[in-house]
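Visitor: Fold the following, please.
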Amino acid sequence: MLCSLCIRHGKRPARTKVGSATWVDVPCTWVVRKAVKRHAEVACHMEAVQWEAARAAPQNVEDGLATMGTLQKRALVCAFRNIYWLMKEEIPHTAKF
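Guide: Reported below is the predicted structural model:
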């Protein structure tokens, strides 16, 4: 089992050689909850998670809409139409939305 985030961002633990890092270069063969949790708490993995979040986050609303798929846009438009109708009818959004 390999960690795709650590591979994508090239993050290895500080004291490992290139080609010998578990989860990045060598698959983890002891897959138990404790090993996965320990990898999730390592500083290099947390940094890879932060980099991925920064890469995936849109910089503004226009960029967010540009990267959004057509199905997602249609769902967002329908949700806004529902909210608009509820507001126009003066119905609390917690009642039927």
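Visitor: distance between the longest helix along the chain and the chain's centre?
Guide: Scanning the chain for the longest helix, with DSSP state H as the assignment, gives helix 70-88. Remark: helix 70-88 is offset 24 Å from the chain centroid, using Cα atoms, centre = their mean, to the nearest Å.
Visitor: Now do it: which elements does it pack against?
Guide: For helix 70-88, the packing partners by 3 or more Cβ pairs under 8 Å, 6 or more residues apart in numbering; DSSP states H and E come out as helix 93-96. To be clear about C-beta, it is placed using only N, CA and C from the backbone, and glycine gets the same treatment.
Visitor: switch the cut-off to 6 Å
Guide: If contacts are counted by 3 or more Cβ pairs under 6 Å, 6 or more residues apart in numbering; DSSP states H and E, helix 70-88 sits against no helix or strand.
Visitor: Any buried residues in that helix, and which?
Guide: Along helix 70-88, these residues count as buried under the neighbour rule (16 or more other Cβ atoms under 10 Å): Leu86.
Visitor: Could you give the average pLDDT over that helix?
Guide: What helix 70-88 shows for mean pLDDT is 85.
Visitor: who's in contact with stretch 29-45?
Guide: Stretch 29-45 is contacted by residues 1, 6, 11, 13, 23 when judged by Cβ atoms under 6 Å, 6 or more residues apart in numbering.
Visitor: Do I have it right that the third one meets Gln50?
Guide: Translated: Lys11. No: the pair Lys11 / Gln50 is not scored as a contact, 10.3 Å apart, by Cβ atoms under 6 Å.
Visitor: quick one: which of these two has more around it?
Guide: With neighbours defined as other Cβ atoms under 10 Å, Lys11 and Gln50 compare such that Lys11 has more, 21 against 11.
Visitor: OK, contacts around the more buried one?
Guide: For Lys11, the contacting residues are 44, 47-48, by Cβ under 6 Å, 6+ apart.
Visitor: Including neighbour count, distance to Val77 and pLDDT, could these go into CSV?
Guide: As requested, the contacts of Lys11 are exported to CSV (neighbours: other Cβ atoms under 10 Å; distance: Cβ to Cβ, whole Å; pLDDT from 0 to 100):
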residue, neighbour count, distance to Val77, pLDDT
Cys44, 21, 41, 80
Glu47, 14, 37, 86
Ala48, 22, 34, 84
